[in-house]
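1. Coordinates for the following, if possible.
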Amino acid sequence: MPQLNRVAERRNRTLLDIVRSMMSFTELPSSFWGYALEMAAKLLNIAPSKMVPQTPYEIWHGKPASYKYLRVLGSPAYVKRLVGDKLNSRSSLCRFIGYPKEITGYYFYDPAEQKVFISRNAVFLKKDFSSDNRCDEVLIEESSEEPHHDNTISFEPSVHTDGVPILRRSTRESRAPERYGFVGLTSQLDNDPKTYGEAMSDIDSDKWLEAMKSKNRLDGFKSSLDPRRPTQRRQTCRV
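-> This is a model prediction of the structure:
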């Protein structure tokens, strides 16, 4: 019984996972799961493994298996058919569904005739598995010849120019930020004259003189002795 054998139970689960994966990428009906199960068992028998040095196929047949004939389940292919009428097509588009036993060839399914047959004269078409099958169905529906009424309501933004107030541009003069205003103000405050000579030689000497007369601060400006002239005397000037 498989329920009492852990190895057989695990192998059955692996087969079911492979079958589910292969069927999800095909357009075949679920009734073809038997062909997918036979293909999964065949792939496991020829797949190499790190646990065992030889594959089951190599042990049974005495030679390594060939992988050149492998195909993807559900792949489309044009299969040559023997028809009596000379004007009919010599091939039909079919789906690959498996490998026959002890016979060289492939199993094909013809959707038009709904028949399964064996043939080895086929040209397989490359299929892009990166795109979703549901996207292909949507494209087919859009390319149908039946009239299609679009019920989607599209909204277009309306631009009204009447009654919109015109924004007045400001006439205020823009100035750069005074990042060093404090430093400049400090430097200006430190440039006060220290002596009467500096005040009289300044550009605003008349203003300094007025300030001295009005506030009686002339005593604050006194002559000092220059150390480079030892003979000069210290004098005090008053107005």
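2. Going by C-alpha atoms from here, please, whenever you check contacts or count neighbours.
-> Noted.
3. top strand in the chain by residue count?
-> strand 91-98 (DSSP state E).
4. If we go by neighbour counts, what in the next helix or strand after that one is buried?
-> Using DSSP states H and E, the helix or strand that follows strand 91-98 towards the C-terminus is strand 106-110. Buried residues in strand 106-110, counted by 16 or more other CA atoms under 10 Å: 106-109.
5. Report the rounded mean pLDDT for the lengthiest helix in the chain.
-> Longest helix in the chain by number of residues, with DSSP state H as the criterion: helix 6-24. Mean pLDDT, helix 6-24: 86.
6. and the angle for the longest strand of the chain with strand 106-110?
-> 120 degrees (axes from the mean of the first three to the mean of the last three CA atoms, to 10 degrees).
7. Please work out which residues outside strand 91-98 touch it.
-> With CA atoms under 8 Å, 6 or more residues apart in numbering as the test, strand 91-98 has contacts from 32, 35-36, 38-39, 71-81, 106-111.
8. Same question for stretch 68-80.
-> Contacts to stretch 68-80, defined as CA under 8 Å, 6+ apart, come from residues 22-23, 26-28, 36, 90-98, 119, 121-127.
9. Would you mark the buried spots in it?
-> Using 16+ other CA under 10 Å as the test for burial, stretch 68-80 gives 72-80.
10. go on, stretch 49-68?
-> Residues of stretch 49-68 classed as buried: 54-57 (neighbour count, 16+ other CA under 10 Å).
11. Can you flag which of those residues belong to helices?
-> When DSSP H is applied, the buried residues of stretch 49-68 are split such that 56-57 fall in helices.
12. other SSEs contacting the longest helix of the chain?
-> Contacts defined by 3 or more CA pairs under 8 Å, 6 or more residues apart in numbering; DSSP states H and E place helix 6-24 against helix 33-46.
13. Could you name the helices and strands sitting against the helix it packs on?
-> Checking 3+ CA pairs under 8 Å, 6+ apart, helix 33-46 ends up next to helix 6-24, helix 56-61, strand 91-98.
14. CA-only coordinates of the second one in CSV, if you can.
-> Meaning helix 56-61. Extracted in CSV, the C-alpha atoms of helix 56-61 (Å, rounded to 0.1, in the frame of the first residue of the first chain):
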residue,chain,number,x,y,z
PRO,A,56,16.6,3.9,-14.0
TYR,A,57,16.7,4.1,-17.8
GLU,A,58,20.4,3.5,-17.9
ILE,A,59,20.2,0.6,-15.5
TRP,A,60,17.4,-1.1,-17.5
HIS,A,61,18.7,-0.5,-21.1
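15. Can you name the element that comes right after that helix?
-> Per DSSP H and E, the first helix or strand lying C-terminal to helix 56-61 is strand 76-80.
16. quick one: which of the buried residues of stretch 49-68 is nearest Thr171?
-> Ranked by distance to Thr171 (CA to CA), those are led by Thr55 at 89.0 Å.
17. close enough to count as contact, the closest one and Ala47?
-> Yes: assessed by CA atoms under 8 Å, Thr55 is found in contact with Ala47 at 6.7 Å.
18. Could you chop this protein up by domain?
-> The chain breaks down into these domains under automatic domain parsing: 2-132, 184-220.
19. give me the low-pLDDT residue ranges for this protein?
-> Residues of the chain meeting the criterion pLDDT under 70: 1-4, 83-84, 127-170, 174-191, 215-239.
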